[in-house]
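Engineer: this one's structure only:
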């Protein structure tokens, strides 16, 4: 089926105009004639619809993607098939791709970059929890709304394409400019691969260029595996550089442990607490002293604009035109000779300086850099502070003996108070001058004792993920359930917030679980039986687009969610019913046969489709619009 403006899919979605064309399909704007809303419909290209195995995998992926419920992921509303072509009905996002913003502005501020990284990481974390890996994270698949919110699109398409048999052995799918090293070498893509791709995007937003370029897709993939990314400009604050470079680590174990931890670190840096960020992403410490990269590649400016596509291996003599999802040979992990370094700062005509007022936010992060030789300007203040602490401890110990007061004198520090209490309880008069030495650690060597708790980082997320993030920072976590319309296990509120001592208890208010309903088995039932069984179970029936099937007309042949799935009450359950087997074309009967043959059951059934309305089987709540199987005597 070739989509054109004005046609209606599934008797419900009327195509109005085409939005974009990609390597896997076309995206159209359409109007839902039942609910009266605008939607986006992705229609698979004809070359992918001819393979029954591909269609089946596409149906399964559509079901999985529909389970993702996050405000940072474009929602999937419906799935259908029309004349052998599959389509997905999705949320129409009123935003523009990040690739368009990069083309227009080239360089974004560190704070804006961290906001995009944080929001994208939160959306990826929700997908990774469900076991879904995007595999094609790039600016063209990230939409920015007018209010600055982020939404990820094309979830699952790259994964499906990766499962389709390739035309040549030893090929991998992906966009070379954003391909993780393990993907380029043919290994299994994981959530860490999505984090690497997001790191390439963060690098591009800050520096105005991608970390790796080349004359061909193969050269870029080789650079992803073997080369070190060039250093980011020195004008970018150290914590921001450290976070982005940790995301670009070749070894997945050196990257952020998961997307949730990455979001926590990005939010902490924006809040001015780089120490909390380092606790969430320990890999930042590897890059806090200096940028990890000392090698640079020759720069070949790449045109912007993105298209997801699959094609044969690219000849190394052909220049890469735009970042696209490509099929390419696996790249061996062996290194090769690198090019001479260049000064990339000369290429940054649009580099934006970090304001002086914001630099103070990151002052504490510089203390994690390796101590250089020579006298530090902090040496004298630390010595004075140490002497004052020793004098305070000695005075606190001697004061009760001089005044005859057995009660300990109040102290301004926890160390002095504990020393006074132990001295007042002792009945001996041993000299206290040796005690302060072991109780006066240098402030520069002490570990962080507090961390910042930001409510927005955890509200709206799964309680298990939020608990893991807080415990990783060093907090204890308690949960309190309360009734809510939100999905069970979603965090509703966090208290206390702000700067909190490590080891203290953080309370999470969590949406209480509702009584779940088990989806009944509808296979083999009639339309009326399926509707009755679903309503009696407290679920909402919806008849999907029927299709031809060897089973009898009107018999339920598919459903999703599948049988046995536990869902919340009033969940919409879509079932597909059979139009019967495909009818074979027979020669026209002779005149004598027409005059003598009595009406048959087939002739009675052949007139039935003329009574079907255009919106039949779309589950709009009106039972009269759902065709029923013919009844014969």
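Structural biologist: The structure has been received and is ready for your questions. The shown structure was predicted, so the numbers you read here are calculated from the model rather than taken from an experiment.
Engineer: low-confidence ranges in the stretch 251-400 of the chain?
Structural biologist: 289-376 (pLDDT under 70).
Engineer: try the stretch 101-250 of the chain
Structural biologist: Where the stretch 101-250 of the chain drops to pLDDT under 70, the residues are 156-174.
Engineer: mind giving me the domain split of the protein?
Structural biologist: Following automatic domain parsing, one finds the domains of the chain at 8-91, 96-368, 450-511, 515-583+616-633.
Engineer: How far does the shortest one stretch from one end to the other?
Structural biologist: For domain 450-511, the first and last residues are 28 Å from each other (CA to CA, to the nearest Å).
Engineer: can you pull the contacts of residue 287?
Structural biologist: Applying CB atoms under 8 Å, 6 or more residues apart in numbering, we find residue 287 in contact with 241-242, 245-246. All C-beta atoms are positioned from the backbone trio N, CA, C, and that covers glycine.
Engineer: err, residue 247, not the other one
Structural biologist: 195-196, 198-199, 202, 255-256, 262.
Engineer: same thing but at 7 Å, please
Structural biologist: Shown in contact with residue 247 (CB atoms under 7 Å, 6 or more residues apart in numbering): 195-196, 198-199, 202, 255-256.
Engineer: Touching, residue 285 and residue 278? I think so.
Structural biologist: Yes. If you go by CB atoms under 7 Å, residue 285 and residue 278 touch, sitting 6.0 Å apart.
Engineer: circling back to that earlier point, may I see the domains of the chain organised as JSON lines, with distance to residue 396 added?
Structural biologist: Output for the domains of the chain, formatted as JSON lines (distance: least, CB to CB, whole Å):
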{"stretch": "domain 8-91", "distance to residue 396": "55"}
{"stretch": "domain 96-368", "distance to residue 396": "30"}
{"stretch": "domain 450-511", "distance to residue 396": "24"}
{"stretch": "domain 515-583+616-633", "distance to residue 396": "61"}
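Engineer: any idea which of the ones you listed is most buried?
Structural biologist: Of all these, domain 96-368 has the most neighbours on average by mean count of other CB atoms under 10 Å, namely a mean of 20.
Engineer: re the thing from before, filter the contacts of residue 247 down to the ones in strands?
Structural biologist: Using DSSP state E to define strands, no part of those is located there.
Engineer: now, which of these sits nearest residue 229?
Structural biologist: For the contacts of residue 247, the minimum distance to residue 229 (CB to CB) is 8.8 Å, reached by residue 199.
Engineer: With adjacent residues omitted, what lies nearest to that closest one?
Structural biologist: residue 247 (2.8 Å; CB to CB, 6 or more residues apart in numbering).
Engineer: In helices only, show me the contacts of residue 287.
Structural biologist: If you go by DSSP state H, the contacts of residue 287 have 241-242, 245-246 in helices.
Engineer: Tabulate the residues you listed (TSV), appending distance to residue 59.
Structural biologist: Below are the ones in helices among the contacts of residue 287 laid out as TSV (distance: CB to CB, whole Å):
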residue	distance to residue 59
241	44
242	43
245	41
246	38
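Engineer: Let me know the closest of those to residue 38.
Structural biologist: Lowest distance from residue 38 to those (CB to CB) belongs to residue 246, with 40.6 Å.
Engineer: contacting residues for the nearest residue to the closest one once chain neighbours are set aside?
Structural biologist: Nearest non-adjacent residue to residue 246, counting by CB to CB, 6+ apart: residue 283, 3.7 Å away. With contact taken as CB under 7 Å, 6+ apart, residue 283 is in contact with 246, 249, 254-256.
Engineer: now residue 16
Structural biologist: Residues counted as contacts of residue 16 (CB under 7 Å, 6+ apart) are 5, 29-31.
Engineer: now it: how far from residue 497?
Structural biologist: For residue 16, the distance to residue 497 (CB to CB, to the nearest Å) stands at 46 Å.
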